[in-house]
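> A structural model of the following input is requested.
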Amino acid sequence: MEAQLYEKARFRIAGDRGLLVEYGDGIDPEINRKVRSMAIVLEQSRPEGVVEIIPTYRSLLIVYDPGRIRPETLKTQLIRLEAGLVEIQIPEPKTVEIPVCYGGEYGPDIDHVAEVNHLTPEEVIRIHSEPDYAIYMIGFTPGFPFLGGLPEVLHTPRLETPRTLVPEGSVGIANAQTGIYPVASPGGWQIIGRTPVRLFSPEKKNPFLYRAGDRIRFRPIDEAAFQRMLTGGQH
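Sure, this is the predicted structure:
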């Protein structure tokens, strides 16, 4: 079933200081474009009392100060701002190339992904590295990009039992999504490779290489190149 863009936004209360605004019912470029457009509008014309704006695949979570604004008032202002979306220009996305060493110790699940989808590991690498993937949202851990556009032939369920530790830089697949672990953390995605590029640098003024709306392009590299880039401090 295809994702649907709602004719009107749907509002839900999220705790005592959150308003969830839903614009569609699934992962879809047009729905996410609406989300990003509204995020830009809110950053440019932030209503009084709004503390944080968190875009996701299909919705916005707006954190507000209940002492300064009520959710009913915020809802009215959001509806008004949405009416002006035709005037909003979304910035052109940049494409960030991410080198990946696929398989072996860096991609322990690539054989399983290949087997499930009746492919060879080499075909998994080729297919996975062909598209430019849109970053729909960033979350879970700092800088974790949830990417849209994974070819259907690579769709693979998550691990039945998540790992307690997934190494930094691991590239994984979970159902219809692919993504990268910027920091070591628990995780249940099928790991098919790893990048030597540091994706999250908290000591920098701008700690991330990308933002929601940008694109990721994976470039296969061998283990020797991985080690050279890793020891060379590739950023």
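> now do the strands in the protein.
When assigned using DSSP state E, the strands of the chain occupy the ranges 5-13, 18-24, 50-55, 59-64, 95-102, 132-138, 145-148, 163-166, 170-174, 177-180, 185-187, 190-194, 215-220.
> most packed of these?
Sort the strands of the chain by mean neighbour count, taking mean count of other C-beta atoms under 10 Å, and strand 190-194 sits at the top with a mean of 26. Heads up, the C-betas are built off the backbone N, CA and C, glycines and all.
> what comes into contact with it?
The contact list for strand 190-194 (C-beta atoms under 8 Å, 6 or more residues apart in numbering) reads 100-103, 106-110, 112-113, 124-125, 128, 156, 158-159, 166-167, 169-174, 218, 226.
> pLDDT below threshold where in this structure?
1, 86-89, 233-235 (pLDDT under 70).
> farthest residue from the center of it?
Note on the chain: the largest C-alpha distance from the chain mean falls to G67, namely 32.2 Å (C-alpha atoms, centre = their mean).
> name all residues that make contact with the nearest residue to that residue once chain neighbours are set aside.
Distances taken as C-beta to C-beta, 6 or more residues apart in numbering place G49 nearest to G67, at 7.8 Å, with adjacent residues excluded. Neighbour list for G49: Y64, D65, G67, R68, I69, L74 [criterion: C-beta under 8 Å, 6+ apart].
> was I right to think V124 contacts V113?
Yes: the criterion here is C-beta atoms under 8 Å, and V124 meets it with V113 at 5.5 Å.
> what do the two both touch?
Residues within reach of V124 and of V113 at once, by C-beta under 8 Å, 6+ apart, are L154, I192.
> neighbour count winner among those two?
Between V124 and V113, counting by other C-beta atoms under 10 Å, V124 is the more crowded of the two (27 against 21).
> give me the number of residues near the residue lying closest to that one once chain neighbours are set aside?
Using C-beta to C-beta, 6+ apart and skipping the chain neighbours, the partner closest in space to V124 is A114 (5.0 Å). If you count neighbours by other C-beta under 10 Å, A114 ends up with 20.
> just checking, A114 touches I125?
No: the pair A114 and I125 does not pass the contact test of C-beta under 8 Å, sitting 9.4 Å apart.
> what about the closest residue to F218 other than its chain neighbours, how many residues close to it?
Closest residue in space to F218, ignoring its immediate chain neighbours: S129 at 4.4 Å, by C-beta to C-beta, 6+ apart. S129 has 16 neighbours, counted by other C-beta under 10 Å.
> determine the longest helix present in this protein.
helix 29-44 (DSSP state H).
> what residues sit buried inside it?
By neighbour count on 16 or more other C-beta atoms under 10 Å, the buried set for helix 29-44 is I31, N32, R33, K34, V35, R36, S37, M38, A39, I40, V41, L42.
> ok, stretch 77-92 next?
Neighbour-count burial for stretch 77-92, counted by 16+ other C-beta under 10 Å, picks out Q77, L78, L81, E82.
> so can I have a markdown table of those residues showing distance to V96?
Listed next are the buried residues of stretch 77-92 as a markdown table, based on distance: C-beta to C-beta, whole Å:
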| residue | distance to V96 |
| --- | --- |
| Q77 | 34 |
| L78 | 31 |
| L81 | 30 |
| E82 | 30 |
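> the nearest residue to V113 once chain neighbours are set aside: how many residues sit nearby?
Nearest non-adjacent residue to V113, counting by C-beta to C-beta, 6+ apart: T156, 4.9 Å away. When neighbours are counted by other C-beta under 10 Å, T156 registers 24.
> nothing else from me, thank you.
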